[in-house]
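# missing the sequence, but the structure's below:
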């Protein structure tokens, strides 16, 4: 629970940060080792100008990924800049400033530093979990820069701005059918494929996405609908989902559809992304009472 997490954080912050004693490593030694490890794994920034020169046609999806390239480059720049600065401070080449001490404390406490968090995405992860997640997000963007083609299935949870990707889906539909953009909404179809590598090619209508988890229920592939969650399965993964766009008037209220909110993190609230209409054999009110929602990034 959040109260337990807050308690553990408070206890952690009360731990001594002085010398190691008895031959142990000091706080500075531990931070220096972690700092070197992060710098060693940190990839280079993307060359946005080089990527733009290779683009023949700028589609809504292209614009989304270019924004992702730009934001990831900004994050990597700040990470490298702040780590190099702290490294010089630990070596004595620079005087330690308050900002450098905050970064040092964050690394020691396994927290995402504030200056990084401000440029990143909403996340509840500890730094040790956040870094591999960041590198996975980088790889998705790097894969796109290779051939500049929309992925067969996009890891939507790995985007800085998943809302922009969904807007691109609507923009493509609006242009194709000459429909007004403000009259469209996102509709979803849950596939039977659990692994995104099973998708052979991008869909011609909409886009395939993956990386969604259910909280409060599960998706029954055989029944093609929502079902009760299994014991000890807190966040069952959803299969690959096809997201499409349709005129708002064409999607009427139905008894077999639960309008499920989708959030970026388990904290829900301000991390809301969109509403996914999921098929249900039970009354939608059941899932309302269960507090069912889809979450993009799960920390267990």
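Yep, that arrived. These figures come from a predicted structure and were not determined experimentally.

# CA only for contacts and neighbour counts going forward, please
Will do.

# packing partners for the longest helix seen in the chain?
Using DSSP state H, we find that the single longest helix of the chain is helix 60-91. Counting contacts by 3 or more Cα pairs under 8 Å, 6 or more residues apart in numbering; DSSP states H and E, helix 60-91 is packed against helix 27-41, helix 48-53, helix 98-108, helix 114-117, helix 127-147, helix 162-177.

# closest one to residue 218 among those?
Evaluated with Cα to Cα, the helices and strands packed on helix 60-91 place helix 162-177 nearest to residue 218, the distance being 22.2 Å.

# Any buried residues in the closest one, and which?
Going by neighbour count (16 or more other Cα atoms under 10 Å), the buried part of helix 162-177 is 162, 164-174.

# what do you get for stretch 260-274?
260-266, 271-274.

# Same list (these) but as a markdown table, adding secondary structure, distance to residue 153 and pLDDT.
A markdown table is the format used below for the buried residues of stretch 260-274 (DSSP: H, G, I helix; E, B strand; the rest coil; distance: Cα to Cα, whole Å; pLDDT from 0 to 100):
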| residue | secondary structure | distance to residue 153 | pLDDT |
| --- | --- | --- | --- |
| 260 | strand | 21 | 97 |
| 261 | strand | 21 | 97 |
| 262 | strand | 18 | 98 |
| 263 | strand | 19 | 98 |
| 264 | strand | 18 | 98 |
| 265 | strand | 21 | 97 |
| 266 | coil | 23 | 96 |
| 271 | helix | 22 | 96 |
| 272 | strand | 21 | 97 |
| 273 | strand | 18 | 98 |
| 274 | strand | 18 | 97 |
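
# Give me the neighbour count for residue 150.
The local packing of residue 150 (other Cα atoms under 10 Å) involves 18 other residues.

# That one and residue 60 touch, don't they?
No - applying Cα atoms under 8 Å as the test, residue 150 and residue 60 come out as separate, 10.3 Å apart.

# coming back round to it: which one of the buried residues of helix 162-177 is nearest to residue 28?
Out of the buried residues of helix 162-177, the member with the shortest distance to residue 28 (by Cα to Cα) is residue 162, at 37.8 Å.

# and the closest one, what is it in contact with?
Counting by Cα atoms under 8 Å, 6 or more residues apart in numbering, residue 162 touches 156, 273.

# For it, give its distance to residue 168.
10 Å (Cα to Cα, to the nearest Å).

# For the two, list the residues in contact with both.
By Cα under 8 Å, 6+ apart, no residue touches both residue 162 and residue 168.

# Tell me the buried residues in stretch 69-84?
69, 71-77, 79-80, 82-83.

# ditto for stretch 80-97
Across stretch 80-97, burial judged by 16+ other Cα under 10 Å covers 80, 82-83, 85-87, 89-90.

# per-residue confidence averaged over that stretch?
Averaged over stretch 80-97, pLDDT sits at 95.

# How about residues contacting that stretch?
With contacts defined as Cα under 8 Å, 6+ apart, stretch 80-97 is touched by 28, 32, 35, 39, 42, 100, 103-104.

# picking that back up, okay, the buried residues of helix 162-177 in CSV with pLDDT and distance to residue 237 next?
Formatted as CSV, the buried residues of helix 162-177 follow (pLDDT from 0 to 100; distance: Cα to Cα, whole Å):
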residue, pLDDT, distance to residue 237
162, 98, 18
164, 97, 23
165, 98, 21
166, 97, 20
167, 97, 24
168, 97, 24
169, 96, 23
170, 96, 25
171, 96, 28
172, 94, 28
173, 93, 28
174, 93, 31
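
# circling back: just the buried subset of the contacts of stretch 80-97, please.
Among the contacts of stretch 80-97, those classed as buried by 16+ other Cα under 10 Å are 28, 32, 35, 42, 100, 103-104.
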